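Trainee: Quick one, what's the 3D model for this:
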Amino acid sequence: MDSGLRMKSDTGPLYGILDTGYVEKQDLLRVAEALLAGGVAILQLRAKGHDSAAVLSMFQDTLTDLPRMCREAGVPLIINDFPEVALAIGADGVHIGQDDGSLSQVRATVGDGMIVGRSTHSLQQAKDALAEGFDYIGFGPLFPTPTKQGRPGIGLENIAEVEKNVGSHIPVFCIGGIKPDNLELVLASGARRVVIVSALLQAQDIENATRSVLKTLTTDL
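Mentor: Residues are numbered from 1 along each chain as shown. Have a look, this model is predicted:
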């Protein structure tokens, strides 16, 4: 779990999120398998509305098998919000928001080997995350989205500047309301990597939907 090895500048363009707000507990592993087969470069488990103890208890079966599935696929597994959970299950990293403490606080729990990502919502926050030493950032939400309730979309205007100032050093994943029908616009604005949540998790065929998005990403880049 060496972030210097696992989070490279040539990390693939599609970040998948296994969001328990969209996926029933009994379907998590099936959906994870489809996302991995479809070609996501990173897979995050996001279980909002629970504390770390509840996540470890409620999703025990998923947390037992998911690290193995990701290792076999060669895809880093990231846990949203909970460094303790990431450490306990042997995940590859953790993702934190602006209100979830500092990088040094997370490192005190997980050590120096894990990937640690940060959510950012402005050009300045993106620059700050780079300066602090995060391994990658999420940048958004570009558009209003149910996964970021109460937070307006920040638009596309700063994508090129974030890529220029931050993306030349660490991966930048644009996130928030990105769907197949606006993906071309996001890419035309300068994005190189994206996170897509609902459009994949709610697709009838998740694997093929993932492959289709990845084809657009790799064709346009």
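Trainee: which secondary structure element contains the residue of the chain most remote from its centre?
Mentor: Each residue of the chain has a distance to the centre, and by Cα atoms, centre = their mean the biggest one is for Ser57: 22.6 Å. Per DSSP states H and E: Ser57 is located in helix 52-58.
Trainee: I'd like the distance from that helix to the chain centre, please.
Mentor: For helix 52-58, the distance from its own C-alpha centre to the chain's C-alpha centre is 20 Å (Cα atoms, centre = their mean, to the nearest Å).
Trainee: Give the buried residues for the helix or strand just after it.
Mentor: With elements assigned by DSSP H and E, the helix or strand that comes after helix 52-58 is helix 60-73. By 16 or more other Cβ atoms under 10 Å, the buried positions in helix 60-73 come out as 62-63, 66-67, 69-70, 73. Any C-beta I mention is one placed from the backbone N, CA and C, and that applies to glycine too.
Trainee: got JSON lines for those residues, with pLDDT too?
Mentor: What follows is the buried residues of helix 60-73, written out as JSON lines (pLDDT from 0 to 100):
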{"residue": "Thr62", "pLDDT": "94"}
{"residue": "Leu63", "pLDDT": "95"}
{"residue": "Leu66", "pLDDT": "98"}
{"residue": "Pro67", "pLDDT": "97"}
{"residue": "Met69", "pLDDT": "98"}
{"residue": "Cys70", "pLDDT": "97"}
{"residue": "Ala73", "pLDDT": "97"}
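Trainee: Could you identify the most distant pair in these?
Mentor: Farthest pair in the buried residues of helix 60-73 (Cβ to Cβ) is Leu63 and Ala73. Separation: 16.5 Å.
Trainee: quick one: contacts of the helix or strand hosting Ser212?
Mentor: With secondary structure defined by DSSP H and E, Ser212 is part of helix 206-220. Applying Cβ atoms under 8 Å, 6 or more residues apart in numbering, the contact partners of helix 206-220 are 12-14, 16, 31, 34-35, 37-40, 180, 183-184, 187, 193-194, 196, 199-200, 203.
Trainee: Let's see that with 10 Å instead.
Mentor: 12-14, 16, 23, 30-41, 178-180, 183-184, 186-188, 191-194, 196, 199-203, 205 (Cβ atoms under 10 Å, 6 or more residues apart in numbering).
Trainee: I'd like to know which of those are buried.
Mentor: Judged by 16+ other Cβ under 10 Å, buried ones among those: 12-14, 16, 23, 31-36, 38-41, 178, 183, 186-187, 191-194, 196, 199-201, 203.
Trainee: Just the ones of the residues you listed in strands?
Mentor: Residues of the buried ones among the contacts of helix 206-220 located in strands (DSSP state E): 14, 16, 194, 196.
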